[in-house]
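Novice: just a sequence and a predicted model for now, questions to come.
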Amino acid sequence: MKPVFSTSAILIAIGLSASAAAAETVCMPAGEMKASLIDWYGEKPVAAPSEDREQLWVSEKTGTWTLVKTLADGNACVLAQGEDWMGGANQQELLAALD
């Protein structure tokens with residue numbers, strides 16, 4: 001007898017595994033993070049880090065953006081990322097909107 005799986009059970013399993021992968025935080029040494037954002041995505045910081053050590057990196061060319069937090073141990077973690085960057089936007093307003 002062959003096992004029968006419902007379509008909804010398969011979709012739920014795929015959705016759960018996708019959620020777990022999306023929930024992973026990417027962290028690495030801050031210098032490596034900086035080099036990766038510059039080399040891979042052509043991103044540059046739009047302003048100095050905030051008081052919380054968060055910094056927004058963007059690429060006007062590709063439209064990608066990455067919000068990075070530098071930790072006290074010298075590592076940096078990606079808090080959020082996306083596409084369709086809105087040039088000319090205020091970093092502090094964008095950070096507030098993400099909270």
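Specialist: Arrived safely. Residues are numbered from 1 along each chain as shown.

Novice: helices along this protein, start to end?
Specialist: Secondary structure of the chain by DSSP state H: the helices cover 7-22, 30-41, 91-98.

Novice: worst average pLDDT in those?
Specialist: When the helices of the chain are compared on mean pLDDT, helix 7-22 scores lowest, with a mean of 38.

Novice: pLDDT score assigned to the spatially closest residue to residue 48 that is not a sequence neighbour?
Specialist: Spatial nearest neighbour of residue 48, chain neighbours left out: residue 55 (7.4 Å); criterion: CB to CB, 6 or more residues apart in numbering. C-betas here are computed from N, CA, C, even on glycine. Note for residue 55: predicted pLDDT of 96.

Novice: repeat that for the one 3 residues further on.
Specialist: The model reports residue 58 with a pLDDT of 95.

Novice: what's opposite the closest residue to residue 81 other than its chain neighbours in the beta bridge?
Specialist: Take residue 81 and drop its neighbours on the chain: the residue closest to it by CB to CB, 6+ apart is residue 66, 4.5 Å away. Beta bridges link residue 66 to residue 57, residue 81, judged by DSSP bridges.

Novice: residue 66 touches residue 43, doesn't it?
Specialist: Yes: using CB atoms under 8 Å, residue 66 is in contact with residue 43, at 6.0 Å.
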